[in-house]
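Novice: Got a sequence here, can you build the structure:
(one chain, ligands or ions: 1)
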Amino acid sequence: MSTLALALSPALRADFPGLVTGTGQPWHYLDSGATAQKPQQVIDAAARAMGADYATVHRGVYARSAEMTLAFEAARRRVASFIGGAEDEVVFTRGATEAINLVAQSWGRQNLKAGDRILLSVLEHHSNIVPWQLLRDRVGIEIDVCPLTADGQIDLDAAQAMLTPRHRLVAFAHVSNVLGSVLDVRRAAEMVHGVGAKLLIDGCQAVPRLPVDVATLDCDFYVFSAHKLYGPTGIGALWARAEILAGMPPWQGGGSMIDRVTFAHTTYAPPPQRFEAGTPAIVEAIALHAAIDYVAAVGLDAIHAHETRLVGRLRTELQRMNDISLFGPQDSAGIVSFAMDGVHPHDLGTILDEENVAIRAGHHCAQPLMDHLGVAATARASFGLYSDDSDIDALVQGIERTRRIFG
Ligand SMILES: Cc1ncc(COP(=O)(O)O)c(C=O)c1O
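Specialist: This next block holds a predicted model:
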């Protein structure tokens, strides 16, 4: 497994023009959890779509627009096949954040009433907390928060004990963006469905590093953003079971989402168009298609094995240092969060930047998790398929230099 993983990186790295500094030095980019670098294949696909192939979709009577419409809908089919759903179950959104807001404002307002409960977890990204608080303020639902195990996984035994027939929705991250912990989605789905609730999975950090099949996972909603999957910003997807989407009202109005408009009455298009008001992110959808083709050609099993080996090595290196505390489970997926005694993560990040090492320092849009960990911020190294041992070497050297600077 690690032989295959080791073979992944060197050749692939050359596909990513962003992995060098402005002066042509290797850039040790360890912030793929925030956003991934793009392979040339994706950049080329975007340039073609915005250049020689460019036209609008769904409306034009001319050939270029008809071709663009085919390419745009082919992107939707590719997203569906990538995560094991059906084409008409994939709604393009601006990203995971918008996808969760869509579910909250459409499904939530339609199906939840005062006194209903939903369950989130301590480790959720703000994108999977605040949309539900907005819904709570509007509808009067109650939000429960599932605790974590000692090593930072969503505690499914606790979730089981907390769930009641009044719970209508559970929304959990598939992979934590801070701790890298991986949820057992199938087990979560079984217990959530056992009380008649729906399960929404925030797959932002999972789709770039684990094979995902929504049918096997048995969740009801799955969301992700393209830019963490080596694709462009400005597009993401909501997958939902067809029968659920069919019952959801539109949440934004405008062109493309209608069937017939009069001033007296408007009827709406079926899903997924019902949820895609306005001219869509055409170029971004086509570039997302190219990103999925790229990732699929490398293989998610191989990417997962590669990142798992890098996480194992980095954790071992950090565990040898007396002044470093590690957060999250030993087998975290692609993400390692840590703290250095007496050094603020921002100072560490700034010194590492001088060494051409880019990590993330901060609360990672997970302030409740920071409160739980008892810190204001963590340092986070997150890997991508192009990461390799030289990135870990540079990080370790940078940490050692930081230690010398801080005495
Ligand atoms: C777990 C998780 N959920 C949601 C998001 C929000 O994604 P976006 O800002 O692309 O909508 C992120 C991004 O950092 C994330 O890591």
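
Novice: Close to the ligand: what parts of the stretch 51-200 of the chain are there?
Specialist: Within the stretch 51-200 of the chain, the residues that sit near the ligand (C-beta under 6 Å from any ligand atom) are 95-97, 125, 127-128, 173, 177. C-beta coordinates here come from the backbone N, C-alpha and C atoms, glycine included.

Novice: please redo it, this time with the cut-off set to 8 Å
Specialist: 94-100, 124-128, 173, 175-177 (C-beta under 8 Å from any ligand atom).

Novice: Buried subset of those residues, written for ChimeraX?
Specialist: To isolate the buried subset of those in ChimeraX, counting by 16 or more other C-beta atoms under 10 Å, use the following:
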select :94,95,96,97,98,99,100,124,125,127,128,173,175,176,177
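
Novice: from the residues of the stretch 51-200 of the chain next to the ligand, which ones fall inside helices?
Specialist: 96-100 (DSSP state H).

Novice: okay if I get these as CSV plus pLDDT?
Specialist: Formatted as CSV, those follow (pLDDT from 0 to 100):
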residue, pLDDT
96, 98
97, 98
98, 98
99, 98
100, 98
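
Novice: and of those residues, the nearest to residue 282?
Specialist: In terms of C-beta to C-beta, no member of these lies closer to residue 282 than residue 98, at 16.7 Å.

Novice: Which strand residues bridge the residue lying closest to the closest one once chain neighbours are set aside?
Specialist: Excluding the flanking residues, the one nearest residue 98 by C-beta to C-beta, 6 or more residues apart in numbering is residue 236, at 6.9 Å. Judged by DSSP bridges, the bridge partners of residue 236 are residue 93, residue 225.

Novice: Do you know the pLDDT at residue 236?
Specialist: At residue 236, the model reports a pLDDT of 98.

Novice: how much space between it and residue 181?
Specialist: 22 Å (C-beta to C-beta, to the nearest Å).

Novice: With residue 170 instead?
Specialist: For residue 170, the distance to residue 181 (C-beta to C-beta) stands at 16 Å.

Novice: What strand or helix carries the closest residue to the ligand within the stretch 251-400 of the chain?
Specialist: For the stretch 251-400 of the chain, the residue closest to the ligand is residue 365, as judged by C-beta to the nearest ligand atom, at 5.9 Å. For residue 365, there is no helix or strand it lies in under DSSP states H and E.

Novice: before we move on, the earlier item: quick one, which of residue 170 and residue 181 is more surrounded?
Specialist: Taking neighbours as other C-beta atoms under 10 Å, residue 170 and residue 181 compare with residue 170 leading, 29 against 24.
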